[in-house]
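S.K.: Sequence isn't available, so here's the structure alone:
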C-alpha cells in the first residue's frame, strides 16, 4: 500500500447509536438498579450476621448517645428493669441535666432511630405507657457489667 491509499477501517457504532439515546439510558438505569438490588441483598445478609453477634457496650454507647443527657436516660432505663418507667418518672431523675418532660420520649425515639439505621435493633421499647430497655440492650449492658466485674 502506498501512502496515498487510505485504509478503510470499519468502526462500529456506539451502543447509544445502536439503541437510541433514551433507550440506552433506560438500559443503563436498569443495570444500575439491578446492581443496587444485589448490593442491598448482600447488606441484608451482613446485617443478619451482625444481629447474631454481641456488641461492645462502648460501641453501642457511642452509637446511640450524642451527649451526656442521652447517657443519663439510658442509665435510668437500665435501673428501671424490664417493667420500664413512665417518661415523667425518667424526667424526675434526669431533670438536673436541663431536659424538659417532652424531651424524654423524643430523645428515646431518636436513639432508637440511630440504632435501627445502624444495626437494625432498638434501644428501648414501649411497655404499656412505660419505656424499657429492649432485650438486645439488656443483654449488652449485662455484658458490660460482667466485663467491669471481671476486670476488678
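M.R.: Nice, thanks for sending it over. This structure is a prediction, so every number in the text was calculated from the model and none was measured.

S.K.: can I assume residue 108 sits in a strand?
M.R.: No - counting by DSSP: H, G, I helix; E, B strand; the rest coil, residue 108 is not part of a strand but helix.

S.K.: Could you give the bridge partners of the residue lying closest to it once chain neighbours are set aside?
M.R.: Take residue 108 and drop its neighbours on the chain: the residue closest to it by C-beta to C-beta, 6 or more residues apart in numbering is residue 124, 5.2 Å away. Every C-beta, even on glycine, is put in place using the N, C-alpha and C of the backbone. Beta-bridge pairing for residue 124 (DSSP bridges): residue 133.

S.K.: And the strands in this protein, which stretches?
M.R.: For the chain, strands defined by DSSP state E occupy the ranges 124-127, 130-133.

S.K.: Between the ones you listed, which one is closest to residue 36.
M.R.: Closest approach to residue 36 among the strands of the chain is made by strand 124-127 (31.8 Å; C-beta to C-beta).

S.K.: Let me see the contact set for residue 128.
M.R.: Residues in contact with residue 128 (C-beta atoms under 8 Å, 6 or more residues apart in numbering) are residue 84.

S.K.: Can you pull the phi/psi pair for it?
M.R.: Torsion angles at residue 128 (phi, psi; degrees, to the nearest 10) stand at phi 70, psi -120.

S.K.: What is the burial count for the nearest residue to residue 141 once chain neighbours are set aside?
M.R.: Distances taken as C-beta to C-beta, 6+ apart place residue 78 nearest to residue 141, at 5.5 Å, with adjacent residues excluded. For residue 78, the number of neighbouring residues by other C-beta atoms under 10 Å comes to 16.

S.K.: Please apply the same query to the one 3 residues further on.
M.R.: Number of residues near residue 81 (other C-beta under 10 Å) recorded here: 11.

S.K.: What are the phi and psi values at it?
M.R.: Torsion angles, degrees, to the nearest 10, at residue 81: phi 90, psi -170.

S.K.: Reformat the strands of the chain as CSV; add mean pLDDT and distance to residue 140.
M.R.: Shown next, in CSV, are the strands of the chain (pLDDT from 0 to 100; distance: least, C-beta to C-beta, whole Å):
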stretch, mean pLDDT, distance to residue 140
strand 124-127, 92, 13
strand 130-133, 92, 9
